[in-house]
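Undergrad: Build me a model:
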Amino acid sequence: MQSELAFSTGDLAHTRFAVSPMWEVVTSFRLLVGSPVPAPHRSWAEQVLPRLRAAGLDRGRLARLIPAGGYLADFLTPTPATPFPTLESELAAVRETPAEQVREDLRHLAAASPEPWELPQDDLSRVTAEIETYWELALGPYWARVRAVLEADVFHRARQVAEYGAAHLLNDLHTSVSWDDDTLRLVRRQCTITREGAGAGLILVPSVFAWPSVLTRIVAPDTPQLAYPARGFGTVWERRASADNDAIAAVIGRSRALLLAELETPASTTQLARRAGLSAAGVSQHLTALRDAGLVTAHRAGRSVLYARTTVADSLLAAAPA
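TA: Numbering: from 1, shown residues only. Model (predicted):
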C-alpha cells in the first residue's frame, strides 16, 4: 500500500528538523507495550518496564492513547515550535489542545477499540501528569544518550542537504520514503495522508524508538510531521569504552571517577554504594558534587532517585586514555 503527499519545491523550502521529546515519549511507550520489544532496545526495556508497571502506567490514560499498534492520538505530538523544544513546552501545547481535536482523535481510537471512552478537557492535565511520570521513569535518566544520537542525525542530514541537496535527503530517510515529481511517497502506510488543509513544508523528526517504521502526523492546519529512525539508534544502549579511571581520578578524585564509571546505566544511591563499595552517605555527597558540576542528573523514580551521566561526563570519560 502506498500513500502520497503533495510536496512541491515550495514545501521543500519550508522543510525543517526538530528533536521532539514528545515524539520520543509516544514511540518509546508504544515500543514498551508491544511484544516483543525489538532487540536493540531490550536492555533499556528490562530496566524500565518494572518501573512502569509499579507506577501503573501500563494501564492508565497514556496506555489508552498509545496502543501497541495502529493509530495513536495526534494531540500527543504537537507541532514543535523550535528545533529543540523542551518537554515542558510540548506538554503545555498538549494541555492547550482544542476540544474538537481531542474528540476527533478519540473517535479514531474508538474505531479500533472495543471500549470507546471519553476524555474530558480537564483530563488533559492528568494525561500530561502521566507523561511527566513516564519521562522520569523511562526517558529522563537516558535523555543525554538519546538526544546525542538525535542531534548527530540532524547534523548528518544537514550535511546531506549542503552536499547533495534536499531531494537526496528525502530519498535517504527510510526505505519506505521517496520524493519525485512534487510528491512525497510513503509505502506500506496503514492510513492515507493528504496535504488538504495542512500547512506548507514538512517537519522531519529523528527518533531513537521509531524503527523499523516511519510515523506521520497530518492535522490541519498544522505543518505535516514525519518521524523516522535516527541513524545510530541501535548503538544508543551500547556500553561505552572504559576510560582510565586513574586519569579521571587525578582531576575529580578516585571515588567520583568510580561513580561516573558505574553510571554506565542510571542507578540509585543505594545501588551505587553497593557496586562501588562505598557508604550510602559518602555516595550521596559525591553525587551532589557531581550534579553541581553538571556531570550527573537526578530523576525521581517512585520512592527512589536515579542518577545518570550527562553528555559532559560522557565526553570527559571518552577523552581519557583507554
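
Undergrad: going forward, measure contacts and count neighbours with C-alpha atoms only.
TA: Will do.

Undergrad: Remind me which helix or strand the residue of the chain positioned farthest from its centre belongs to.
TA: In the chain, the residue that sits farthest from the middle, by Cα atoms, centre = their mean, is Ala250; the gap is 35.5 Å. Following DSSP states H and E, one finds Ala250 within helix 245-252.

Undergrad: do the same with Leu226
TA: Leu226 belongs to strand 225-229, assigned by DSSP H and E.

Undergrad: Convert that strand to CSV, retaining C-alpha atoms only.
TA: What follows is strand 225-229, C-alpha atoms only, in CSV (Å, rounded to 0.1, in the frame of the first residue of the first chain):
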residue,chain,number,x,y,z
GLN,A,225,5.4,15.8,10.6
LEU,A,226,7.3,12.7,9.7
ALA,A,227,9.2,10.8,12.4
TYR,A,228,11.8,8.4,11.1
PRO,A,229,14.5,6.2,12.7
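
Undergrad: quick thing: my sequence starts at 814, can you match it?
TA: Will do, 814 is the new start, and the previous item becomes strand 1038-1042.

Undergrad: Which helix or strand lies directly C-terminal to the helix holding Ala1063?
TA: Toward the C-terminus from helix 1058-1065 - assigned by DSSP H and E - lies helix 1067-1075.

Undergrad: Can you point out the buried residues in that next one?
TA: 1068-1075 (16 or more other Cα atoms under 10 Å).

Undergrad: Export those as TSV, with columns for distance to Thr1124 and pLDDT.
TA: Formatted as TSV, these follow (distance: Cα to Cα, whole Å; pLDDT from 0 to 100):
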residue	distance to Thr1124	pLDDT
Ser1068	20	88
Arg1069	16	90
Ala1070	15	87
Leu1071	17	87
Leu1072	15	90
Leu1073	12	89
Ala1074	13	85
Glu1075	15	85
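
Undergrad: Can you tell me which of those is closest to Ala1033?
TA: Closest approach between these and Ala1033, by Cα to Cα: Leu1073, at 46.8 Å.

Undergrad: Wait, the closest one touches Thr1123, no?
TA: No: Leu1073 is beyond contact range of Thr1123, at 9.8 Å (criterion: Cα atoms under 8 Å).

Undergrad: Roughly how far does Val1125 sit from Pro954?
TA: 14 Å (Cα to Cα, to the nearest Å).

Undergrad: which of those two has more neighbours?
TA: More crowded of Val1125 and Pro954, by other Cα atoms under 10 Å: Pro954, with 26 against 14.

Undergrad: Was I right to think that one contacts Leu1119?
TA: Yes: counting by Cα under 8 Å, Leu1119 is a contact partner of Pro954 at 6.9 Å.

Undergrad: What mean pLDDT does stretch 985-992 get?
TA: Averaging pLDDT along stretch 985-992 gives 84.

Undergrad: where's Lys817, which helix or strand?
TA: Not quite, residue 817 is Glu, not Lys. For Glu817, the element it lies in under DSSP H and E is strand 815-819.

Undergrad: could you pull out the helices for the protein?
TA: Along the chain, counting by DSSP state H, helices occupy 822-826, 834-846, 855-868, 874-878, 900-908, 912-924, 937-947, 956-977, 979-985, 1058-1065, 1067-1075, 1082-1089, 1093-1105, 1124-1132.

Undergrad: Quick one, which of those gets closest to Gln1038.
TA: Closest approach to Gln1038 among those (Cα to Cα): helix 834-846, 10.2 Å.

Undergrad: what angle sits between the closest one and strand 1038-1042?
TA: Interaxial angle of helix 834-846 relative to strand 1038-1042 (axes from the mean of the first three to the mean of the last three Cα atoms, to 10 degrees): 50 degrees.

Undergrad: ok and helix 834-846 relative to helix 900-908, angle-wise?
TA: Helix 834-846 and helix 900-908 are oriented at 80 degrees to each other (the same axes, to 10 degrees).

Undergrad: Give the buried residues for helix 834-846.
TA: Residues of helix 834-846 classed as buried by neighbour count (16+ other Cα under 10 Å): 834-846.

Undergrad: residues in contact with it?
TA: 850-851, 858, 862, 871, 876, 879-882, 889-890, 898-900, 903-904, 944, 948, 952, 1018, 1020-1023, 1040 (Cα atoms under 8 Å, 6 or more residues apart in numbering).

Undergrad: hey, C-alpha coordinates of the strand holding Glu817 in PDB?
TA: Extracted in PDB, the C-alpha atoms of strand 815-819 (Å, rounded to 0.1, in the frame of the first residue of the first chain):
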ATOM      1  CA  GLN A 815       1.300   3.500  -0.900                       C
ATOM      2  CA  SER A 816       0.200   6.900   0.200                       C
ATOM      3  CA  GLU A 817       1.300  10.200  -1.400                       C
ATOM      4  CA  LEU A 818       1.700  13.700   0.000                       C
ATOM      5  CA  ALA A 819       1.800  16.700  -2.400                       C
END
